[in-house]
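> following is a predicted model, sequence given first.
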Amino acid sequence: MKKRELGKSGLYISEIGLGCMSLPGDLVESKNIVDAAIYAGINYFDTADLYNGGNNEELLGSALKGRRNEIIVATKAGNKMNPEGEGWTWDSSKKHIMEAVKQSLLRLDTDYIDVYQLHGGTMEDHAEETIDAFESLKKDGLIRQYGISSIRPNVIKRFLDTSSAVSVMMQYNLLDRRPEEWFPMIQKASASVITRGTIAKGFLTSEGLTRAAKANGFVEYDAGELTRTVQALSEQTVDLHAAAIAFTLHDNTVASALVGARTTDQLLDSVIAYEKKTTGEEITLLGNITKIHNYKEHRV
């Protein structure tokens with residue numbers, strides 16, 4: 001498994017990362033997936049305090065017990081659970097983030113978080129206060145680096161322009177190429193992209209056509225366009241899953257492509273797909289089949 005530097009952070013993360021939101025609730029099953037990921041060379045594990053009300057962080061912390069020095073843990077904050085435990089509200093204040101990190105550290109059973117991310121953001125936020133919180137946590141050694149998870153270009157730009165953030169998490173894949181417009185901005189800020197939705201809800205796998213036939217569309221593709229596009233992509237490559245991962249990683253602005261897994265087999269499918277060779281010509285051909293849409297809102 002190859003690694004890429006996350007921004008200019010000095011942290012080198014695996015080209016495939018494990019998005020932990022879809023881990024099963026059973027600890028034994030989750031630990032098997034995590035162990036298989038580490039054995040395959042994956043060292044980047046992404047969670048959030050919002051996932052399953054914090055239980056996902058606890059699950060990951062338990063699954064990683066005894067292996068902390070081998071891996072890079074990323075989590076997120078900014079969504080405050082309501083007291084009754086159902087639903088949440090947005091809170092990017094320094095007060096909330098300083099408290100949220102303590103709770104994440106306890107759940108993850110660790111002394112520090114490698115990459116702490118703002119889990120969203122709006123232009124109404126007091127960005128200076130939010131960034132001050134991250135910088136304070138970094139100074140105190142509770143986090144090593146920080147970033148933002150957002151698809152709002154104006155929020156991302158403001159965050160990057162006024163901070164030392166090293167990462168931007170965005171949905172990016174062959175069917176959702178909206179982030180490409182902003183890659184130069186992100187790279188200029190010495191940050192990297194972490195992709196989520198790498199295989200587009202399974203549309204970019206061997207099950208793509210079956211899934212597309214049952215869907216109402218995806219991003220800017222309506223149902224018919226989605227089916228036709230997945231069909232065209234499938235006809236131009238031997239392994240769409242492999243080609244989809246290769247496409248996501250073809251631009252060096254991307255440091256890691258996250259994949260989710262509910263079973264060890266699902267994880268191994270993505271690892272095997274990653275290890276297959278996809279030529280530059282094939283990546284270009286597939287890119288010519290799909291559309292490059294732009295974000296219509298929250299533009300810079």
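Arrived safely, thanks for sending. Remember, predicted model here, so these are calculated numbers, not experimental data.
> now the strands for the stretch 101-250 of the chain?
Counting by DSSP state E, counting those that start in this stretch, the stretch 101-250 of the chain has strands at residues 113-119, 143-149, 167-171, 192-196, 217-218, 221-222.
> name every strand pairing with the last one and say which way it goes.
When you say that, I think you mean strand 221-222. strand 217-218 (antiparallel) (DSSP bridges).
> can you tell me how far residue 67 sits from residue 259?
19 Å (C-beta to C-beta, to the nearest Å). In this view, the C-beta of every residue, glycine as well, is placed from N, C-alpha and C.
> more neighbours: these two, which one.
residue 259 (27 against 12; other C-beta atoms under 10 Å).
> for beta bridges, what are the partners of that one?
Using DSSP bridges, the bridge partners assigned to residue 259 are residue 18.
> which one of the strands of the stretch 101-250 of the chain lies nearest to residue 53?
Closest to residue 53 of these, according to C-beta to C-beta: strand 113-119, at 13.9 Å.
> go ahead and name everything in contact with the closest one.
For strand 113-119, contacts defined as C-beta atoms under 8 Å, 6 or more residues apart in numbering pick out 6, 11, 48-50, 72-79, 92, 101, 104-105, 130, 134, 137, 142-150, 159, 166-167, 169.
> next one: stretch 157-164
Contacts to stretch 157-164, defined as C-beta under 8 Å, 6+ apart, come from residues 118, 121, 123, 127-128, 131, 134-135, 146, 148, 150, 165, 168, 182, 185-186, 189, 191, 300.
> buried residues in it, which are they?
157, 158, 159, 160, 163, 164 (16 or more other C-beta atoms under 10 Å).
> dump it to PDB, restricted to CA.
Only the C-alpha atoms of stretch 157-164 are listed here, as PDB (Å, rounded to 0.1, in the frame of the first residue of the first chain):
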ATOM      1  CA  LYS A 157     -11.600  28.700   1.000                       C
ATOM      2  CA  ARG A 158     -12.100  30.800   4.100                       C
ATOM      3  CA  PHE A 159     -10.900  28.000   6.400                       C
ATOM      4  CA  LEU A 160      -7.800  27.300   4.300                       C
ATOM      5  CA  ASP A 161      -6.900  31.000   3.900                       C
ATOM      6  CA  THR A 162      -7.000  31.700   7.600                       C
ATOM      7  CA  SER A 163      -5.600  28.500   9.100                       C
ATOM      8  CA  SER A 164      -2.900  25.900   8.900                       C
END
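> which of the contacts of strand 113-119 fall in helices?
101, 104, 105, 130, 134, 137, 159 (DSSP state H).
> which residue, other than its chain neighbours, is closest to the fourth one?
The spatial neighbour of residue 130 that comes closest, neighbours along the chain excluded (C-beta to C-beta, 6 or more residues apart in numbering), is residue 92 at 4.6 Å.
> what's near enough to touch the one you found?
78, 118, 120, 121, 125, 126, 129, 130 are the contacts of residue 92 under C-beta under 8 Å, 6+ apart.
> quick one: the third one and residue 78 touch, right?
Think residue 120. Yes - between residue 120 and residue 78 there is a contact at 5.4 Å, judged by C-beta atoms under 8 Å.
> picking up where we left off before, farthest-apart pair in the contacts of residue 92, please.
Largest separation among the contacts of residue 92 by C-beta to C-beta: 120 and 129, giving 15.2 Å.
> looking at those two, which is more packed in?
residue 120 (19 against 13).
> that older thread, show me the two of the ones in helices among the contacts of strand 113-119 that sit farthest apart.
Checking the ones in helices among the contacts of strand 113-119 with C-beta to C-beta, the most distant pair is 105 and 159, at 22.8 Å.
> picking up where we left off before, which among the ones in helices among the contacts of strand 113-119 gets closest to residue 54?
For these, the nearest to residue 54 is residue 104 (7.9 Å; C-beta to C-beta).
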